[in-house]
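Peer 1: predicted model follows, preceded by the sequence.
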Amino acid sequence: EEQEEDVLRELRLFLRNITERLSLDRRFKAFTKPVDIEEVPDYLMVIKKPMDLSTLLTNIDEHKYITIGEFMADADLIWKNALEYNPDSDPMDRNIRHRACALKDTVRAIIRDELDEDFERVCEEIRESR
Ligand SMILES: COC(=O)N1C[C@@H]2C[C@@H]3O[C@]2(Cc2nccnc23)C1
């Protein structure tokens, strides 16, 4: 009912705010747009489900996420894909893995600090009711 839509609207605002803050952080520039398949032709052979911050924003606007957990699963793909595709010891790979780890820790810290447990529980109740 209408109260449920109010809750999901507030969730979208919270998720957009997190995603926009991450997109402004210079450490995460490599994660703001999809990896360019023309520049990296083998990317889709290695990475089954690409994800990036601009795609997260599109998914939010398309009402794809009803719980924080669903958003986290896609946000985690960003850094997991970077660790998987860039495993080597050369400085470029090490650099993007360092940023991937920083992204992982930053997302978790924001959610721990800013997500109200009761609000998340209401979102999960809505997900179970649909
Ligand atoms: C999240 O970003 C990444 O996982 N990558 C991996 C690619 C390999 C390397 O860096 C990326 C883009 C790129 N483009 C041209 C030549 N080499 C590269 C970004």
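Peer 2: Great, that's in hand.
Peer 1: for the ligand, what's its nearest residue on this structure.
Peer 2: E39 (3.9 Å; CB to the nearest ligand atom). C-beta: built from backbone N, CA, C; applies to glycine.
Peer 1: so which bits of the chain are right by the ligand?
Peer 2: 30-31, 35, 39-40, 82, 85-86, 96 (CB under 6 Å from any ligand atom).
Peer 1: kindly recompute the last result at 8 Å.
Peer 2: Residues of the chain lying near the ligand by CB under 8 Å from any ligand atom: 30-31, 35-36, 39-40, 43, 47, 52, 78, 81-82, 85-86, 92, 96, 100.
Peer 1: now the buried members of the residues you listed.
Peer 2: 30-31, 35, 47, 52, 78, 81-82, 85-86, 96, 100 (16 or more other CB atoms under 10 Å).
Peer 1: name the nearest residue to the residue nearest the centre of the chain, ignoring sequence neighbours.
Peer 2: Taking CA atoms, centre = their mean, the centroid of the chain lies closest to A75, which sits 2.0 Å from it. Closest residue to A75 apart from its sequence neighbours, by CB to CB, 6 or more residues apart in numbering: V107 at 5.3 Å.
Peer 1: contacting residues for that neighbour?
Peer 2: If you count contacts by CB atoms under 8 Å, 6 or more residues apart in numbering, V107 has them with 18, 22, 72, 75-76.
Peer 1: just put those in a markdown table and tack on distance to V122 and pLDDT.
Peer 2: Formatted as a markdown table, those follow (distance: CB to CB, whole Å; pLDDT from 0 to 100):
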| residue | distance to V122 | pLDDT |
| --- | --- | --- |
| I18 | 18 | 98 |
| L22 | 24 | 98 |
| M72 | 17 | 98 |
| A75 | 21 | 98 |
| D76 | 23 | 98 |
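Peer 1: among the residues you listed, the buried ones, what's the ChimeraX command?
Peer 2: Buried members of those, defined by 16+ other CB under 10 Å, are picked up in ChimeraX with:
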select :18,22,75
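Peer 1: going by distance to D116, which of the contacts of V107 wins?
Peer 2: Distance to D116, by CB to CB, is smallest for I18 among these, at 13.9 Å.
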